[in-house]
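In: coordinates only, sequence not included:
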């Protein structure tokens with residue numbers, strides 16, 4: 001068995017897509033050799049040097065190493081190396097996916113949640129003796145090696161069927177019939193998810209960036225995503241490729257505490273709202289949660305600012321409905337000390353508030369009787385010792401809430417996939 005890892009051949013501005021290069025290589029190999037699997041791995045979404053979705057690709061094949069390298073070399077010049085941020089890397093390893101060395105598997109696991117340097121990547125490549133190709137500063141070797149080791153990092157895999165445009169159409173507006181997309185999405189849901197965003201009326205599966213992809217259909221079943229892709233009406237398709245992926249799995253999240261989060265990583269953290277949500281310029285919503293072990297808002301408490309940015313659309317209304325004292329679990333990437341919300345779970349909701357009492361005789365609001373003297377009705381003379389509790393209605397329920405499909409990160413797990421520890425309130 002041979003594993004081919006490929007990364008960083010695309011450009012933010014000049015297009016291309018590493019999935020397309022991998023699809024071409026796999027199709028070419030399949031003419032003479034068995035291709036068992038095409039793997040699409042989303043790496044740490046907080047990495048500074050990523051391009052768009054930070055994907056790396058792997059091909060599992062029976063082709064010998066030399067044949068694999070020859071297949072890659074045919075198309076490697078498609079990499080957009082004129083962009084200084086594009087630094088392609090290819091790793092070819094003569095090993096079965098089930099027999100990967102522990103250090104390579106660990107490297108792959110860390111690439112999804114943490115950071116690697118080109119230096120530690122080259123050290124491991126030299127230790128294993130894997131063949132490589134690279135361009136620019138070779139940073140793409142990090143993702144390529146991570147893709148090689150990815151198969152043993154998880155038991156939770158999803159699928160994406162990607163359809164590619166004909167060459168002469170690239171750079172023009174994509175021709176896709178919206179009605180056929182929404183109809184196919186309805187028939188396949190929840191087996192295929194994040195195909196459309198009904199709340200925003202958006203075709204999530206159709207990219208807006210330059211590149212060869214026409215649409216990509218994601219879901220839990222390979223036949224379902226294939227069927228949706230085939231049902232979409234639009235311009236001709238050059239080729240289709242089915243990838244096994246870690247998309248929609250939350251593989252990037254690690255359990256953490258407020259006092260131990262670090263920039264450039266993604267966490268699942270529980271705390272209590274101590275600074276209520278505020279909407280700032282641009283429509284971004286911010287709130288602060290406190291460490292459960294430090295006392296809410298007390299002196300010396302550990303706190304974490306959380307943000308629901310404008311692109312998360314209606315999710316911001318869920319965040320705005322939180323109040324002081326609500327206990328929540330928040331998920332997202334930490335950057336500049338702020339956690340960018342991807343989803344949150346309501347654990348406990350404040351259900352009462354303390355208010356000025358009303359007179360039981362005349363139903364008028366009582367007035368303060370003076371410092372520490374309670375409240376008194378000036379008309380009836382009745383009095384009480386202090387404020388009273390009143391039940392409040394909440395627009396939130398116990399359980400998980402998420403950003404809409406149009407704002408979902410590739411690797412973030414949609415609630416509809418299940419497996420969460422509380423009731424779910426999915427977005428469609």
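Out: Everything's here; your move. Here the structure is a predicted model, which means the values were calculated and not measured. Residues are numbered from 1 along each chain as shown.
In: I'd like the distance between residue 22 and residue 125.
Out: Applying CB to CB, to the nearest Å, the value for residue 22 to residue 125 is 19 Å. To be clear about C-beta, it is placed using only N, CA and C from the backbone, and glycine gets the same treatment.
In: scratch that, residue 329
Out: Using CB to CB, which is the criterion applied here, residue 329 is 39 Å from residue 125.
In: hey, where'd the helices end up in the stretch 151-300 of the chain?
Out: Counting by DSSP state H, counting those that start in this stretch, the stretch 151-300 of the chain has helices at residues 178-188, 222-231.
In: residues of the shortest one that come out buried?
Out: This points to helix 222-231. 224, 225, 226, 227, 228, 229 (16 or more other CB atoms under 10 Å).
In: elements contacting the longest strand seen in the chain?
Out: Ranked by number of residues, the top strand in the chain under DSSP state E is strand 265-279. Packing partners of strand 265-279 (3 or more CB pairs under 8 Å, 6 or more residues apart in numbering; DSSP states H and E): strand 253-255, strand 285-291, strand 303-308, helix 315-320, strand 327-335, strand 338-348.
In: Name the spans of the stretch 51-200 of the chain whose pLDDT lies under the cut-off.
Out: 51-52, 78-84, 86 (pLDDT under 70).
In: ok, residue 329 and residue 125, which is more surrounded?
Out: Comparing residue 329 with residue 125 by other CB atoms under 10 Å, the one with more neighbours is residue 125, at 21 against 18.
In: my read: the more buried one touches residue 138, true?
Out: No. The criterion here is CB atoms under 8 Å, and residue 125 misses it with residue 138 at 10.0 Å.
In: how far does the host helix or strand of residue 126 sit from the chain's center?
Out: In this assignment (DSSP states H and E), residue 126 forms part of helix 118-128. Centre-to-centre, helix 118-128 and its host chain are 28 Å apart (CA atoms, centre = their mean, to the nearest Å).
In: How about stretch 396-406?
Out: 14 Å.
In: picking up where we left off before, how about the helices of the stretch 151-300 of the chain in JSON lines, adding distance to residue 381?
Out: Shown next, in JSON lines, are the helices of the stretch 151-300 of the chain (distance: least, CB to CB, whole Å):
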{"stretch": "helix 178-188", "distance to residue 381": "65"}
{"stretch": "helix 222-231", "distance to residue 381": "72"}
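In: Of all the ones you listed, which one is nearest residue 61?
Out: Closest approach to residue 61 among those is made by helix 222-231 (18.2 Å; CB to CB).
In: orientation of that closest one relative to helix 178-188 in degrees?
Out: Helix 222-231 and helix 178-188 are oriented at 160 degrees to each other (axes from the mean of the first three to the mean of the last three CA atoms, to 10 degrees).
In: packing partners for helix 222-231?
Out: strand 158-165, helix 178-188, strand 192-193, strand 213-219, strand 237-245.
In: Near residue 258, how many residues? Count them for me, please.
Out: Using other CB under 10 Å: residue 258 sits among 22 other residues.
In: ditto for residue 208
Out: Residue 208: 9 neighbours (other CB under 10 Å).
In: again with the one 10 residues further on
Out: By other CB under 10 Å, the residues close to residue 218 number 26.
In: so who does the residue nearest to it when sequence neighbours are not counted touch?
Out: Distances taken as CB to CB, 6 or more residues apart in numbering put residue 160 closest to residue 218, at 4.8 Å, once the chain neighbours are dropped. Contact analysis of residue 160 by CB atoms under 8 Å, 6 or more residues apart in numbering lists 40, 216, 217, 218, 225, 242, 243, 245, 247.
In: All set now, cheers.
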